[in-house]
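Asker: Using only what follows, build the 3D model:
(one chain, ligands or ions: 2)
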Amino acid sequence: MRILSGIQPSGTLHIGNYFGMMRPAIALQAEGETFYFIAEYHALTSLRDPKALRENSLRVALDFLACGLNPDRGALFRQSDVPRVAELAWILSTVAPMGLLERAHSYKDKLARGLSPTVGLFSYPVLMAADILIYDSDIVPVGKDQKQHIEITRDLAVKINETYGDVFKLPEPRISAETQVVPGIDGQKMSKSYNNNIDIFGDEKETRKRIMGIVTDSTPVEAPKDPSRSTIVQLYSLFASKVEIAEMCERFQKGGTGYGDFKKQLFEKLWEFFVPMRKRREEIMRDESYIDEVLTSGAKRANEVANQVMKRVRDAVGL
Ligand code: AMP
Ligand code: TRP
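Answerer: Ligands and ions are numbered 1, 2, ... in the order given. Model prediction:
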């Protein structure tokens, strides 16, 4: 079984990325060969600073490895090290209905946030489909926000298969049930672009500040509070055991504890959770050539598969 996913190097990684995609992706390494890549071509739709793009890409690799990705169990690589994926994106675009892409939520959200409607932004899902199909991927672990993009991928694969015969395998999304959408400090979906993120490897002071800034209602300290709608409880649940979660909920309902105390408790738990990852990150940073070696060997493996699949595609369409 082949498992594939990508992550954009558009900034630092946050705990939404971690629970929505990275942790499930790492766990899936036990089930098959994994192909995980840094989606630089996608990031170009919003990031136009070459230095930042290069640095972010290396940092995503570092962070992914620090979080436990095992490069011996699969390939970790840069999207741009497999440029054939852009060729496949073109071929897919020739069968992609405009209407299908016009209905993409993510495109509409990005326009609503003020990104300019470039062709690249519009055809973002076509490139993503190429990423997935070029490796004959079976499973794609992603957060819920990417589900529609996987559906588009399947639609495009079916179009090609109907037009040219059996060319592509149909991939399945894998969306982890308990962490479909991780909320940010304002209660909306956590996202770098909403500036409501808590980073995996943020420094201690900033992380504490962000957590203390979680938006709450104005229920007074003495009064009982509703745990079911609290961002603090939702975030705490990602890190704490069942017993600890139940305890926090009880203290919410009992009253007598202010939100500030719950936030401190959340901070301690979160900080402790990432201790081993921070340690591993320091270790990796000490070995300057390690990340380069991982990415180079990842690219080699990815190209082997991509070249085979592209041969099949080129034959099928008449190139
Ligand atoms: P991106 O930063 O948009 O490249 O996202 C990388 C991965 O993290 C994707 O699989 C997203 O679905 C996932 N992800 C991003 N934000 C969240 C969130 N707030 N909750 C759950 N998953 C997320
Ligand atoms: N669009 C994805 C995101 O923003 C990143 C991505 C690009 C991806 N290509 C992919 C994810 C292929 C899974 C498979 O999160």
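Asker: Which positions in the stretch 51-200 of the chain make contact with ligand 2?
Answerer: The stretch 51-200 of the chain comes close to ligand 2 at residues 128, 131-132, 140, 142, 146, as judged by CB under 6 Å from any ligand atom. Bear in mind the C-beta positions are built from the backbone N, C-alpha and C, glycine included.
Asker: show me which of those neighbour ligand 1.
Answerer: The subset of those within reach of ligand 1, by CB under 6 Å from any ligand atom, is 142, 146.
Asker: Which of the residues of the stretch 51-200 of the chain next to ligand 2 fall within helices?
Answerer: Counted as lying in helices by DSSP state H, out of those, are 128, 131-132.
Asker: tell me the pLDDT at whichever residue of the stretch 1-150 of the chain sits closest to ligand 1?
Answerer: Nearest to ligand 1 in the stretch 1-150 of the chain, going by CB to the nearest ligand atom, is Gly20, at a distance of 1.9 Å. We have a pLDDT of 91 for Gly20.
Asker: how close does it get to Gln146?
Answerer: For Gly20, the distance to Gln146 equals 9 Å [CB to CB, to the nearest Å].
Asker: in this structure, which segments are predicted with low confidence?
Answerer: Applying pLDDT under 70 to the chain picks out no residues at all.
Asker: Can you spell out the domain ranges of it, please?
Answerer: What automatic domain parsing lists as the domains of the chain is 2-181+288-317, 202-273.
Asker: mind checking the SS state of the residue of the chain most remote from its centre?
Answerer: Largest separation from the mean C-alpha position in the chain: Glu222, at 39.5 Å (CA atoms, centre = their mean). For Glu222, the assignment made with DSSP: H, G, I helix; E, B strand; the rest coil gives coil.
Asker: what residues are up against the nearest residue to it once chain neighbours are set aside?
Answerer: Counting by CB to CB, 6 or more residues apart in numbering, Glu222 lies nearest to Gly255, which is 5.4 Å off, once chain neighbours are set aside. Counting by CB atoms under 8 Å, 6 or more residues apart in numbering, Gly255 touches 221-225.
Asker: Deepest-packed of the domains of the chain, please.
Answerer: Per residue and on average, the most neighbours among the domains of the chain fall to domain 2-181+288-317, with a mean of 18 (mean count of other CB atoms under 10 Å).
Asker: now the strands for the protein?
Answerer: For the chain, the strands defined by DSSP state E cover 2-7, 33-38, 74-78, 139-141, 172-174.
Asker: quick one: Gln188 from Gly213, how far?
Answerer: Gln188 is 14 Å from Gly213, by CB to CB.
Asker: Around ligand 1, pick out the residues from this structure.
Answerer: So far as CB under 6 Å from any ligand atom goes, the chain lies against ligand 1 at 7-8, 16-17, 20-21, 142-143, 145-146, 179, 181-182, 189-191.
Asker: Nearest to Pro276 among these?
Answerer: In terms of CB to CB, no member of the residues of the chain next to ligand 1 lies closer to Pro276 than Asn17, at 17.9 Å.
Asker: Tell me who's in contact with the closest one.
Answerer: Per CB under 8 Å, 6+ apart, neighbours of Asn17: 7, 143, 200.
Asker: and the gap between the residue in the chain positioned nearest to ligand 2 and Glu304?
Answerer: Closest residue of the chain to ligand 2, CB to the nearest ligand atom: Gly6 (3.2 Å). According to CB to CB, Gly6 and Glu304 sit 18 Å apart.
Asker: and if you look at Asp203?
Answerer: Distance, Asp203 to Glu304, by CB to CB: 40 Å.
Asker: unless I'm mixing things up, Pro71 is touching Leu295, no?
Answerer: No: in this structure Pro71 lies outside contact range of Leu295 using CB atoms under 8 Å: 9.0 Å.
Asker: follow-up on the earlier one: how about JSON lines for the contacts of Asn17, with distance to Gly318 added?
Answerer: Converted to JSON lines, the contacts of Asn17 look like this (distance: CB to CB, whole Å):
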{"residue": "Ile7", "distance to Gly318": "35"}
{"residue": "Gly143", "distance to Gly318": "38"}
{"residue": "Ile200", "distance to Gly318": "46"}
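Asker: Pull the contacting residues for Tyr41.
Answerer: Tyr41 sits in contact with 79-80, 85-86, 127, where contact means CB under 8 Å, 6+ apart.
Asker: rerun at 7 Å
Answerer: By CB atoms under 7 Å, 6 or more residues apart in numbering, Tyr41 lies in contact with 79-80, 86, 127.
Asker: And the furthest pair within those residues?
Answerer: Greatest spatial distance among the contacts of Tyr41 (CB to CB): Ser80 and Leu127, at 11.6 Å.
Asker: residues contacting the nearest residue to Met310 once chain neighbours are set aside?
Answerer: Using CB to CB, 6+ apart and skipping residues adjacent in sequence, the residue nearest Met310 is Arg84, 5.1 Å away. The neighbourhood of Arg84, defined by CB under 7 Å, 6+ apart, consists of 134, 306-307, 310.
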